[in-house]
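K.L.:
here's a sequence, model it:
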Amino acid sequence: MQFRQIGEDVCGPVYAGFRSIDYVPVAIKYVKGPHVPYEMNAYKIPVEVALMHKVAGGPESVGNFSTVSLLDWYYLDQQLILITERPVPSQNLTTYLDSQGGVIEEQEAKTFLNQLVDATDEMHRKGVFHRDIKSENILVEIGSSVPCVRLMNFGCGSFVQERPHHTFSGTLACAPPEWYVRGEYKAGPTTVWQLGALLYRLLHGFRNSTMGILCGKMQLSRDSATQLSQEDVCGPVYAGFRLMDYVPIYKIPVEVALMHKAAGGPESVGKFAAVSLLDWYYLDQDLILVTERPVPSEVLTTYLDSQGGIIEEREAKTFLNQLVDATDEMHRKGVFHRDIKSDNILVEIGSSVPCVRLVNFGCGSFVQERPHHTFSGTLACAPPEWYVRGEYQAGPTTVWQVLCTRSSG
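P.N.:
All right, here's what the predicted structure looks like:
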């Protein structure tokens, strides 16, 4: 018996129903002819049917797997009819998120992701590649204290294979980056990408497309970040925690290039005298940089204020030695900070001997033989030759700024 429509995927509508013989709740999916991969006759089994049987069995397996089970299937005119189990009460993840205000707590998101990782790992071991993991294709069983998620809608799926896939079936917004870059993709990395994108949506409420991320147009919830007291000439700085990694964008801003040259990426955290860059992307017209944040730490300006405005000569000498070593290392790597001041120096205060690190490379440039003729940075920290001759070079400017750093009040 068929009742109301409860959903629709790229292949056709899905209705709620009950099996006549025992009134077990079922879902009835109609797949129109062009969407059925195999020829519709009695001798060939449609791909979706084969995939569902491989991953979750038939009627005897209801409720035993992390994917919904197929109860029956048949053809009606030019349509494929699929009868699947329908847990009650349940709703798809999109509807569940809407009922929770668009996002869920991190602990619940972690529970969902753990279940989905186990589910997709089991599927891949059985040779099944879903290929279209998104909130609309995930069912949430809400009848218990801890909601359980189940995968459904295998209409865009395929079999796991060693060689890459060269045609994509599914939601293009969820296609993996390598599909856009190289025109090919594999089951494992694609599934990881789609699960990562789903986790981001669970926590932030935004559905970001792959192409949008590649083009630097990823939405970010600023409510999840805490603004620090520091702010440089380019904009505010927020404290936060990295949730996932994204592929790089094609055009690299100067500040990103400088930070990579000076201190590397995520693998270099804590190894250099400059803070490392963990991630970066664009939000509308803003460049978002995610950097390491040593804890506990504070900018040198704040640290000096906490010490009454000045520090002892021995400590000042320690800081100066560290800064000299840091800037010397940067110059050897071809990086010119150009705005060294107390606001752009981070003090790690977790040990008996505080350690200083350079931050904020937004005014920086590359070291060059010829003089610079335009100045970017804090004008009060510009070297004398800039005011006298209208030009300056990296070495003398850095020496001037390090010596002028506010260490004596």
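K.L.:
counting neighbours, what do you get for Leu172?
P.N.:
For Leu172, the count of nearby residues is 12 (other CB atoms under 10 Å). Any C-beta I mention is one placed from the backbone N, CA and C, and that applies to glycine too.
K.L.:
what about it, distance to Asp72?
P.N.:
As judged by CB to CB, to the nearest Å, Leu172 and Asp72 stand 32 Å apart.
K.L.:
and the strands in the stretch 1-150 of the chain?
P.N.:
Assigned by DSSP state E, counting those that start in this stretch, the strands in the stretch 1-150 of the chain fall at 2-9, 12-18, 25-32, 70-76, 79-85, 90-92, 128-129, 138-141, 148-151.
K.L.:
could you chop this structure up by domain?
P.N.:
Per the record, the chain has its domains at 2-85, 90-214, 222-291, 297-404, by automatic domain parsing.
K.L.:
if you average pLDDT over each of those domains, which comes out lowest?
P.N.:
Looking at the domains of the chain, the lowest mean pLDDT belongs to domain 222-291 (a mean of 63).
K.L.:
which stretches of the stretch 151-300 of the chain form helices?
P.N.:
Per DSSP state H, counting those that start in this stretch, the stretch 151-300 of the chain carries helices over the ranges 177-182, 187-204, 210-214, 254-263, 300-306.
K.L.:
which one of these lies closest to Cys156?
P.N.:
Among those, helix 187-204 comes nearest to Cys156, with 11.4 Å by CB to CB.
K.L.:
buried residues, that closest one. List them.
P.N.:
Buried residues in helix 187-204, counted by 16 or more other CB atoms under 10 Å: 187, 190-191, 193-195, 197-204.
K.L.:
likewise for stretch 386-398?
P.N.:
Trp386, Tyr392, Gln393, Ala394, Thr397, Thr398.
K.L.:
looking at these, spot the one nearest Phe375.
P.N.:
For the buried residues of stretch 386-398, the nearest to Phe375 is Trp386 (5.5 Å; CB to CB).
K.L.:
with just CA atoms, put the helix or strand the closest one falls within into CSV.
P.N.:
Secondary structure from DSSP states H and E places Trp386 in helix 384-389. Coordinates of each C-alpha in helix 384-389 appear next as CSV, following Å, rounded to 0.1, in the frame of the first residue of the first chain:
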residue,chain,number,x,y,z
PRO,A,384,65.1,56.1,7.8
GLU,A,385,66.3,55.6,4.2
TRP,A,386,62.7,55.3,3.1
TYR,A,387,62.0,58.8,4.3
VAL,A,388,65.4,60.2,3.0
ARG,A,389,65.8,58.4,-0.4
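K.L.:
which strands or helices does it pack on?
P.N.:
Counting contacts by 3 or more CB pairs under 8 Å, 6 or more residues apart in numbering; DSSP states H and E, helix 384-389 is packed against helix 394-404.
K.L.:
packing partners for the helix it packs on?
P.N.:
Packing contacts for helix 394-404, counted by 3+ CB pairs under 8 Å, 6+ apart, involve helix 313-332, strand 335-336, helix 384-389.
K.L.:
which of the ones you listed sits most buried?
P.N.:
strand 335-336 (a mean of 24; mean count of other CB atoms under 10 Å).
K.L.:
partner strands of the helix or strand following that strand and their direction?
P.N.:
Per DSSP H and E, the first helix or strand lying C-terminal to strand 335-336 is strand 345-348. Partners of strand 345-348 in the sheet, by DSSP bridges, are strand 297-299 (antiparallel), strand 355-358 (antiparallel).
K.L.:
list the buried ones in the shortest one?
P.N.:
Spelled out, that is strand 297-299. Neighbour count says strand 297-299 has Ser297, Glu298, Val299 buried, by 16+ other CB under 10 Å.
K.L.:
now do it: everything it contacts.
P.N.:
By CB atoms under 8 Å, 6 or more residues apart in numbering, the surrounding residues in contact with strand 297-299 are 229-230, 306, 342-350, 357, 359.
K.L.:
write the PyMOL selection for whichever of these are buried.
P.N.:
Of the contacts of strand 297-299, the buried ones can be selected in PyMOL as follows, counting by 16+ other CB under 10 Å:
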select buried, resi 230+342+343+344+345+346+347+348+357+359
